[in-house]
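> I'd like to go over a predicted model; first the sequence, then the structure.
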Amino acid sequence: MPGIQDDRDDRDIPLDGVGVTDLVYPVTIPARDGGPQTTAAAIGLFVTLGREARGAHMSRFVDVLERHPRELSAAGIRDLLKQLRDAHEAEEAGIEVECDFFVRRKAPVSGATSLMACPVSIDASLGDEFDLILTVEVPVMTVCPCSKEATGGPAHSQRGHVSVSVRVDGRIWVAEIAELVEDCASGPIF
């Protein structure tokens, strides 16, 4: 069977992104305490398709991902995107990642510890320049200010989620983002 993706396309229509989505793979996230954390991630990989190209080699997406160490650091993602861009001879490559990062929490009274999942998403691209946006969703506790005002003391509290997106230019710790968010909330969730 001929591979038509290498044929010339005369319609003169470039595409911003072609690729694969929902590849579930283990990834490692660098952790501030020294050891990396391994988790499962849903990954999407994309490349631009020039106006003269008819298609992309879909197997190359999986091949590049399979050969790459899958470390979710800025340097690791940049390297993966460079390999992907080169494998497809594309102007730009992109990746979307969704996974959970687990933060250890210690209850203030009992001292019991448990893990809290913080959903993480990464949206990165490499064209002329590298761009990486990291989004972390942090569960928090909020106290109702109206209830506190009405009672003059104890008030009911509610759980909420705060999402923070940062453009990464170097190393940043997911746990540090979670702590910054918790410091702004009424309290952390234990």
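Happy to help now that I have it.

> pLDDT on stretch 182-190, on average?
Averaged over stretch 182-190, pLDDT sits at 81.

> That one: which residues count as buried?
Buried residues in stretch 182-190, counted by 16 or more other CB atoms under 10 Å: 182, 185-186, 188. Glycine gets a C-beta too; all of them are placed from N, C-alpha and C.

> now swap in stretch 164-172 and tell me
By 16+ other CB under 10 Å, the buried positions in stretch 164-172 come out as 168, 172.

> who touches residue 136 in this structure?
101, 118-120, 163-164, 174, 177-178, 181 (CB atoms under 8 Å, 6 or more residues apart in numbering).

> Nearest to residue 65 among those residues?
Closest to residue 65 out of those is residue 120 (17.9 Å), distances taken as CB to CB.

> I'd assumed residue 138 was in contact with that closest one.
No - look at residue 120 against residue 138 with CB atoms under 8 Å: they stay out of range, at 10.2 Å.

> ok, these two, which is more surrounded?
A direct count of neighbours by other CB atoms under 10 Å for residue 120 and residue 138 places residue 138 higher, at 24 against 21.

> Skipping its backbone neighbours, what lies nearest the more buried one in space?
Closest residue to residue 138 apart from its sequence neighbours, by CB to CB, 6 or more residues apart in numbering: residue 181 at 4.1 Å.

> Would you double-check that that neighbour falls in a helix?
Yes - assessed with DSSP: H, G, I helix; E, B strand; the rest coil, residue 181 lies in a helix.

> Hmm, residue 162 and it touching each other?
Yes - here residue 181 reaches residue 162: they are 4.9 Å apart, a contact under CB under 8 Å.

> which residues do the two both contact?
Common contact partners of residue 181 and residue 162 (CB under 8 Å, 6+ apart): 138, 140.

> neighbour count winner among these two?
Taking neighbours as other CB under 10 Å, residue 181 and residue 162 compare with residue 181 leading, 20 against 17.

> For residue 111, give me the pLDDT.
pLDDT recorded at residue 111 is 89.

> what about it, how many neighbours?
Neighbourhood size, residue 111 [other CB under 10 Å]: 7.

> Not counting its own residues, what contacts whichever strand or helix holds residue 175?
According to DSSP states H and E, residue 175 maps onto helix 174-184. Outside helix 174-184, the residues within contact range by CB under 8 Å, 6+ apart are 29, 31-33, 101, 103, 118, 120, 134, 136, 138, 140, 162, 164, 166, 188.

> Just give me the closest of those to residue 64.
Residue 64 has its nearest neighbour among these in residue 29, at 19.8 Å by CB to CB.

> Next, the contact list for that closest one, please.
Taking CB under 8 Å, 6+ apart as the test, what residue 29 contacts is 36-39, 71-72, 99, 101, 120, 174.
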